[in-house]
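[1] Provided below are the primary sequence and the corresponding predicted coordinates.
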Amino acid sequence: MNSNKSVSVNFTQISSLNKLVGANDTTATGNEDANYFLLDKFTAEANGSLSQIRVKCGAAGNVKVAIYNDNSGSPGSLRSSLNTDTPVVSGWNQINITPTQVSAGTPYWLALISDSRCVGYKSTGGTGRYKSASYSNFTFPNTPSGLSSWTGYHLIQGCGSTGGDSSPTIGFNPPSFTFNATQGGSNPADQTLNISNTGGGTLNWSLSDDASWLTLSPASGTNSGSPSLSVNISGMSANTYNATITISATGATTQTVPVILTIAPSGGTLQKLVGANDTTATGNEDPNYFLLDKFTAEANGTLSQIKVKCGAAGNVKVAIYNDSYGSPGSLLSSSNTGTHVEASVWTPISITPTAIVSGTPYWLALISDSRCVGYKGTGGIGRYAPASYSGFTFPTTPSGLYSWSGYHLIQGW
């Protein structure tokens, strides 16, 4: 560490901004542990443009901060965040974020992660969520998952100028949807669109779409909601179909969400070319890890689909890499758009076709946003690296990987 590094930090209440939401100034029970993604629920005290998050610390360290919407009592969609390190010292520290409008009487979740035991907490009197996470490469996810509950809170506040624009703003995630099915087979699993008001006032939203095979339910709501997307492939031929969901609300800018449905031909035209056999998993893999498993191709063919077997619902991204002297080599094909997966089934995910040669080793890769993908603890050759699912794109050539001797239930077809 460079002992000559100087740090300039503003602390205590030195700006004219007002507290809009968050904890009151009080004596902390203690300082929170490092490497935890922490979220605390507070109700906004005033309308305003929140442009700063403050944290009260009992020791020096570094933090990252964010604010989330509430979704039926749990953390919802991300509103604003700062994913770069901010040094903190004992006392109140102020951290500027991209301004976001908050509304009085509306619940929000203030979030943080630290690299040391520095941020003050109260052990009772709150509504909180948490999960372990590595500070060094942490990026706040669009929608938190895999959280545990506790009844304390942290000394964190959201501050800004009162008043301002009270118009609603449509917030939504994920930004797009992909469904996969086989002609004449069962309908793909339903997926969920998360909608929230990221502005002020009240958001009375409604949904519409332009495809007869797509159903949205419910098709309207107020502020936050989680309508489901259902696909019916009855009578449809093998092809790729596109649809657009339109989200409308009075006083807000209309938003659109693309939907892609891929129906593969029936009749056994696809066969497993490379990957794991169907087996009972040891358990489900943790989220936010870039995972690669080495397999030798069983047949020549054009690989156009990657399947994963999961023990729980979630979202995944997949890829395939060449082998380079026993390590992952160059990227062959990938799907960087998240695909929803369900428990206890093999979920097919279409990728750009790539040629596979029998007897040649390849690396099948994935990343998930929740503990969903099945793994075996032994009998494999694997690589991994911590990574944030929300902004992850498969690299052209992987680096900085660790080794392990298990594998995941993933196949290339």
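    Sure thing, it's come through. Residues are numbered from 1 along each chain as shown.
[2] what about stretch 246-256, how long is it end to end?
    With C-alpha to C-alpha, to the nearest Å as the measure, stretch 246-256 spans 5 Å from end to end.
[3] next one: it to chain centre, how far?
    In terms of C-alpha atoms, centre = their mean, to the nearest Å, the gap separating the centre of stretch 246-256 from the centre of its chain is 23 Å.
[4] Of all the residues in it, which ones are buried?
    By neighbour count, with 16 or more other C-beta atoms under 10 Å as the criterion, the buried positions of stretch 246-256 are 247-249, 252, 255. To be clear about C-beta, it is placed using only N, CA and C from the backbone, and glycine gets the same treatment.
[5] from these, which has minimum pLDDT?
    Across those, no position has a lower pLDDT than Ala252, which has 87.
[6] what residues are up against that residue?
    The contact partners of Ala252, taken as C-beta atoms under 8 Å, 6 or more residues apart in numbering, are 167-170, 199, 203, 205.
[7] measure it to Ile320 for me?
    Between Ala252 and Ile320 the distance is 41 Å, computed by C-beta to C-beta, to the nearest Å.
[8] Same check on Ala299?
    With the distance defined as C-beta to C-beta, Ala299 ends up 15 Å from Ile320.
[9] now swap in Ser136 and tell me
    Applying C-beta to C-beta, the value for Ser136 to Ile320 is 28 Å.
[10] Which of these two has more residues huddled nearby?
    For Ser136 against Ile320, the residue with the higher neighbour count under other C-beta atoms under 10 Å is Ile320, and the figures read 26 against 10.
[11] so which helix or strand takes in the more buried one?
    Secondary-structure assignment from DSSP states H and E places Ile320 in strand 314-324.
[12] For that strand, list every residue counted as buried.
    314-321, 323.
[13] do the same with stretch 350-361
    Neighbour-count burial for stretch 350-361 flags 350-351, 354, 356 (criterion: 16+ other C-beta under 10 Å).
[14] Extract the C-alpha trace of it and format it as CSV.
    Output in CSV follows, covering the C-alpha atoms of stretch 350-361 (Å, rounded to 0.1, in the frame of the first residue of the first chain):
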residue,chain,number,x,y,z
SER,A,350,-30.2,-20.5,-28.5
ILE,A,351,-26.8,-19.2,-29.6
THR,A,352,-25.2,-18.3,-32.9
PRO,A,353,-24.3,-21.7,-34.5
THR,A,354,-20.7,-22.8,-34.4
ALA,A,355,-19.0,-25.9,-35.8
ILE,A,356,-17.9,-28.6,-33.3
VAL,A,357,-15.4,-31.4,-34.0
SER,A,358,-15.6,-34.8,-32.3
GLY,A,359,-12.7,-35.6,-29.9
THR,A,360,-11.8,-31.9,-29.5
PRO,A,361,-12.0,-30.3,-26.1
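[15] how about low-confidence regions in the stretch 251-400 of the chain?
    Low-confidence segments of the stretch 251-400 of the chain, defined by pLDDT under 70: 266-269.
[16] helix or strand for Asp248, which one?
    For residue 248 the amino acid is Ser, not Asp. Taking DSSP H and E as the definition, one finds Ser248 inside strand 239-249.
[17] What is the distance between the helix or strand just after that strand and the centre of its chain?
    Elements were assigned by DSSP H and E; along the chain past strand 239-249, the next helix or strand is strand 255-264. The chain centroid and the centroid of strand 255-264 are separated by 19 Å under C-alpha atoms, centre = their mean.
[18] Spatially, which residue comes closest to Ala312, not counting chain neighbours?
    Here the nearest residue to Ala312 in space, its sequence neighbours aside, is Cys372; by C-beta to C-beta, 6 or more residues apart in numbering that works out to 4.5 Å.
[19] just Thr169 next, same as before
    If the residues on either side of it in the chain are set aside, Thr169 comes closest to Gly199, at 3.1 Å by C-beta to C-beta, 6+ apart.
[20] How about Ile245, nearest residue that isn't a chain neighbour?
    Nearest in space to Ile245, with sequence neighbours left out and distances taken as C-beta to C-beta, 6+ apart, is Val257 at 4.2 Å.
[21] How much space separates the one you found from Thr198?
    Relative to Thr198, Val257 is positioned 15 Å away (criterion: C-beta to C-beta).
[22] And Ile260, by the same measure?
    The separation that Ile260 has from Thr198, given C-beta to C-beta, amounts to 25 Å.
[23] out of the two, which sits in the more crowded spot?
    Thr198 (21 against 15).
[24] Help me confirm that the more buried one comes into contact with Asp70.
    No - contact status for Thr198 versus Asp70: not in contact, 12.0 Å apart, counting by C-beta atoms under 8 Å.
[25] Kindly state the beta-bridge partners for Ala355.
    Residues in a beta bridge with Ala355, per DSSP bridges, are Thr302.
[26] That one and Thr302 touch, don't they?
    Yes - applying C-beta under 8 Å, one finds Ala355 in contact with Thr302, separated by 5.8 Å.
[27] And the strands in the stretch 251-400 of the chain, which stretches?
    Counting by DSSP state E, counting those that start in this stretch, the stretch 251-400 of the chain has strands at residues 255-264, 274-275, 283-284, 289-296, 301-309, 314-324, 327-341, 346-356, 361-368, 374-376, 382-386.
[28] I'd like the distance from the following helix or strand past the last one to the chain centre, please.
    The first helix or strand that comes after strand 382-386 along the chain, using DSSP H and E, is strand 402-404. Taking C-alpha atoms, centre = their mean, the mean C-alpha location of strand 402-404 is offset from the chain mean by 24 Å.
[29] And the average pLDDT for strand 402-404 is what?
    In this model, strand 402-404 has a mean pLDDT of 94.
[30] Now do the buried residues in that strand.
    Within strand 402-404, the residues that count as buried by 16+ other C-beta under 10 Å are Trp404.
[31] how about the nearest residue to Met153, chain neighbours excluded?
    Small correction: residue 153 is Tyr, not Met. The nearest residue in space to Tyr153 (C-beta to C-beta, 6+ apart) is Gly126, at 2.8 Å.
[32] Pull the contacting residues for that neighbour.
    40-41, 150-153.
[33] Show me just the buried residues among those residues.
    Listed as buried from the contacts of Gly126 are 40-41, 150, 152-153; burial here means 16+ other C-beta under 10 Å.
[34] What about the residues you listed, which are in strands?
    Here DSSP state E is the test, and the buried ones among the contacts of Gly126 give 40-41, 150, 153 as lying in strands.
[35] Out of the residues you listed, flag the one nearest to Pro175.
    Closest approach between these and Pro175, by C-beta to C-beta: Lys41, at 25.7 Å.
[36] No further questions, thank you.
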